[in-house]
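*Asks:* 3D model of this:
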Amino acid sequence: MIVTSALIIWKGLMCVTGSESPVVVVLSGSMEPGFKRGDILFLHMSKDPIRAGEIVVFHVDGREIPIVHRVIKVHERQDTGEVDILTKGDNNFGDDRLLYAHGQLWLQRHHIMGRAVGFLPYVGWVTIIMTEKPIIKYLLIGALGLLVITSKE
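*Replies:* Here you go, the predicted structure:
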């Protein structure tokens, strides 16, 4: 029942926010001092044009983990109207072209998962710890399983 409820809430958030992943955890220090490792970001994706200065979460072809960075340049192509986007981490020296797929110089709108609209500091550390130290995840699952088995109801 808990898993079903969580799935329903997640799918509901996806519909409301328009983002395939409405909540993400900041995994590196590339956005410090604004966002620190372990912060949870809430995302929203609207039809509004993406503007320089916005913080977006994007995925790159060939990489599993999404990246949280700031838009530093937006270029609209005159012939097609498509928008090219260049990003950079606030704490990084250069732009993100080295992070993009081989030969890719710009992001397109389909790479953008959402824009950051809010955050909760430090709450994402639970996810980071369970990913980096799997033994803690297994101990927690075991403890929950033991709790279910030994409950009186």
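
*Asks:* If you tally nearby residues, what's the number for residue 66?
*Replies:* By other C-beta atoms under 10 Å, the residues close to residue 66 number 20. Using the backbone N, CA and C atoms, a C-beta is placed for each residue, glycine as well.

*Asks:* Look up how far residue 32 lies from it.
*Replies:* 18 Å (C-beta to C-beta, to the nearest Å).

*Asks:* Ok, residue 145 next?
*Replies:* When residue 145 is compared with residue 32 (using C-beta to C-beta), they lie 38 Å apart.

*Asks:* So between the two, which is more surrounded?
*Replies:* Ranked by neighbour count (other C-beta under 10 Å), residue 145 and residue 32 place residue 32 first, with 14 against 10.

*Asks:* Pretty sure residue 49 sits against residue 83.
*Replies:* Yes: here residue 49 lies in contact with residue 83, judged by C-beta atoms under 8 Å, at a distance of 7.0 Å.

*Asks:* list residues touching both of the two?
*Replies:* Common neighbours of residue 49 and residue 83, counting by C-beta atoms under 8 Å, 6 or more residues apart in numbering, are residue 74.

*Asks:* list the contacts for the closest residue to residue 125 other than its chain neighbours?
*Replies:* Using C-beta to C-beta, 6 or more residues apart in numbering and skipping the chain neighbours, the partner closest in space to residue 125 is residue 38 (4.0 Å). Counting by C-beta under 8 Å, 6+ apart, residue 38 touches 25, 26, 121, 122, 123, 124, 125, 128.

*Asks:* Please read off the pLDDT at residue 38 from the model.
*Replies:* If you check residue 38, the pLDDT there is 93.

*Asks:* how near is it to residue 121?
*Replies:* 8 Å.

*Asks:* same check, this time on residue 151
*Replies:* For residue 151, the distance to residue 121 - C-beta to C-beta - is 34 Å.

*Asks:* Quick check: beta-bridge partners of the spatially most central residue of the chain?
*Replies:* Central residue of the chain (C-alpha atoms, centre = their mean): residue 24, 3.6 Å from the mean position. Note on residue 24: beta-bridge partners by DSSP bridges are residue 41.
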